[in-house]
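Undergrad: Below is the sequence, then the predicted model.
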Amino acid sequence: MSERDYVEKDYYKTLGVSREASQDEIAKAYRRLARQYHPDANPNDPKAEETFKDVSEAHQVLSDPEKRKEYDRIRDMVESGAFAGGRGGDSFGGAGGFGRAGPGAAGMDLGDLLGGLFGEGAPGTGATGAGRAGAGRGGQRGRDAETTLTLSFADAMAGVTTTLQVAGRAACGTCGGSGAKPGTSPAVCTTCGGRGQVLSDQGLFSFAQTCTACGGRGMVITDPCPTCGGGGAVSSTRRVRARIPAGVKDGARIRLKGKGEAGLRGGPPGDLYVTVRVHAHELFGRRGDDLTLTVPVTFAEAAMGTTLRVPTLDGEVSVKVPAGTPSGKRLRVRGHGAPKTGGDHGDLLVTVDIHVPRKLTKTQQKLLGDFADTEDPEELRAHLRPGERVQA
């Protein structure tokens with residue numbers, strides 16, 4: 001069984017039961033099909049043997065409440081389109097047939113089933129622990145790594161190529177990541193014959209289970225590397241070059257495929273996830289792909305209108321403030337915001353802030369007094385007096 005099976009196989013259909021079937025109904029269906037397709041009852045019938053394996057696999061998952069719950073959850077996600085992307089490879093290379101082990105063999109671990117699909121500790125899963133299982137027999141995929149990069153606002157807008165210091169597992173330099181002592185090679189597991197699974201006898205029936213001798217990899221290391229102890233990886237700090245795109249947002253998470261921790265025993269590396277933190281700018285704010293800027297203007301400029309010179313990422317531009325502009329009015333300067341994917345830019349949103357002086361010169365007081373004499377503030381606030389409101 002591989003992690004792909006959880007995504008692609010309908011175990012309920014295999015047993016001929018509904019998704020709401022009880023444990024008793026699942027057990028009865030399994031016993032009936034196991035008797036019908038058991039290899040002892042169908043000698044020299046490869047098709048019956050394959051069907052028996054499928055039935056055993058389905059029963060192993062659906063008879064375990066926790067595995068069944070997890071399987072149902074994954075199937076719901078698949079049917080809803082949540083897995084519209086690459087799926088994990090078959091951990092057993094599609095090999096048919098199984099070795100045989102005694103009744104004391106250990107059961108299949110759910111982490112083995114799902115490791116390659118989600119990756120324990122992979123970002124967004126909430127899980128921790130070992131990395132995802134390897135896509136191919138004989139190796140385990142490296143764990144995904146996380147790091148944080150802090151950028152200035154200017155670098156975030158322009159985009160940068162930088163070097164990251166990443167701590168974690170790296171391929172062992174002594175064995176090249178194979179886990180085997182130089183001059184030797186991993187050997188085919190004699191317990192499962194290299195298939196990664198065995199049939200465990202349980203009374204009248206047999207169950208397909210992960211081979212405990214090789215951990216489901218199909219290969220064993222008889223002479224481990226003295227540096228890494230057979231793991232194929234060692235702890236180290238690596239330098240990783242990363243290109244950060246222009247316009248990256250604060251909190252963005254960038255995936256660098258294959259730049260995570262090294263795989264075990266020749267397995268593929270994991271991915272590196274970079275969380276970007278962007279320092280605030282002294283003038284500009286950000287709203288999506290638009291930049292924001294607050295510009296103070298005098299009462300006279302707002303009342304009579306004016307043309308301002310305001311800064312942008314590419315230098316100053318002219319912005320017209322119409323006569324009678326109120327404080328808080330937002331003016332849009334198109335194409336002068338943050339860079340977008342494809343070469344476009346957002347807009348610059350200029351907010352007008354009318355400045356009210358705290359102190360006035362005698363000349364200003366006289367001029368404003370003369371202006372105030374031309375206004376009727378009581379008429380301006382007439383709608384606030386109940387007796388003068390217009391009756392509906």
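TA: Ah, there it is.

Undergrad: show me the contacts for residue 238.
TA: 165, 166, 167, 168, 170 (CB atoms under 8 Å, 6 or more residues apart in numbering). In this view, the C-beta of every residue, glycine as well, is placed from N, C-alpha and C.

Undergrad: List the buried residues of stretch 155-162.
TA: By 16 or more other CB atoms under 10 Å, the buried positions in stretch 155-162 come out as 155, 156, 157, 160.

Undergrad: same deal with stretch 36-55?
TA: Of the residues in stretch 36-55, those buried (16+ other CB under 10 Å) are 37, 38, 48, 49, 51, 52, 53, 54, 55.

Undergrad: Pull out the CA atoms of it and give them to me as CSV.
TA: In CSV, the C-alpha atoms belonging to stretch 36-55 read as follows (Å, rounded to 0.1, in the frame of the first residue of the first chain):
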residue,chain,number,x,y,z
GLN,A,36,-13.6,-16.3,-2.6
TYR,A,37,-10.3,-14.9,-3.7
HIS,A,38,-7.8,-16.5,-1.2
PRO,A,39,-4.7,-17.8,-3.0
ASP,A,40,-5.1,-21.2,-1.4
ALA,A,41,-8.5,-21.5,-3.0
ASN,A,42,-7.3,-20.1,-6.4
PRO,A,43,-3.9,-21.7,-7.1
ASN,A,44,-2.1,-20.3,-10.2
ASP,A,45,-4.6,-17.5,-10.6
PRO,A,46,-2.8,-14.2,-10.5
LYS,A,47,-6.0,-12.2,-11.0
ALA,A,48,-7.6,-13.8,-7.9
GLU,A,49,-4.4,-13.1,-5.9
GLU,A,50,-4.4,-9.5,-6.9
THR,A,51,-8.0,-9.1,-5.9
PHE,A,52,-7.3,-10.8,-2.6
LYS,A,53,-4.5,-8.2,-1.9
ASP,A,54,-6.9,-5.3,-2.8
VAL,A,55,-9.6,-6.8,-0.4
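
Undergrad: follow-up on the earlier one: please narrow the contacts of residue 238 to those residing in strands.
TA: 165, 166, 167, 168, 170 (DSSP state E).

Undergrad: Report how many residues lie close to the first one.
TA: Residue 165 has 9 neighbours, counted by other CB atoms under 10 Å.

Undergrad: same thing with the third one?
TA: Counted with other CB under 10 Å, the burial measure for residue 167 works out to 12 neighbours.

Undergrad: just the fourth one next, same as before
TA: The tally of other residues near residue 168 (other CB under 10 Å) stands at 21.

Undergrad: Does it touch residue 263 like I think?
TA: No: Residue 168 is beyond contact range of residue 263, at 11.9 Å (criterion: CB atoms under 8 Å).

Undergrad: Report the beta-bridge partners for residue 310.
TA: residue 317 (DSSP bridges).

Undergrad: My guess is it contacts residue 320. True?
TA: No: taking CB under 8 Å as the definition, residue 310 is not a contact partner of residue 320, at 11.0 Å.

Undergrad: Pick out whichever of these two has more residues nearby.
TA: Taking neighbours as other CB under 10 Å, residue 310 and residue 320 compare with residue 310 leading, 16 against 10.

Undergrad: got a list of what that one touches?
TA: Per CB under 8 Å, 6+ apart, neighbours of residue 310: 293, 295, 316, 317, 318, 319, 333, 348, 350.

Undergrad: So what does the second one look like in phi/psi?
TA: Read that as residue 295. Main-chain dihedrals, residue 295, degrees, to the nearest 10: phi -120, psi 120.

Undergrad: and what of the last one?
TA: For residue 350, the backbone dihedrals are phi -100, psi 120 (criterion: degrees, to the nearest 10).

Undergrad: separation between it and residue 292?
TA: Residue 350 sits at a distance of 8 Å from residue 292 (criterion: CB to CB, to the nearest Å).

Undergrad: Confirm residue 52 sits in a helix?
TA: Yes: assessed with DSSP: H, G, I helix; E, B strand; the rest coil, residue 52 lies in a helix.

Undergrad: residue ranges with poor pLDDT in this protein?
TA: Across the chain, the ranges flagged by pLDDT under 70 are 1-7, 77-139, 200-207, 265-266, 387-392.

Undergrad: quick one, helices of it?
TA: Under the criterion DSSP state H, helices of the chain are mapped to 3-8, 11-15, 23-37, 46-62, 65-79, 110-118, 153-158, 299-304, 362-373, 377-380.
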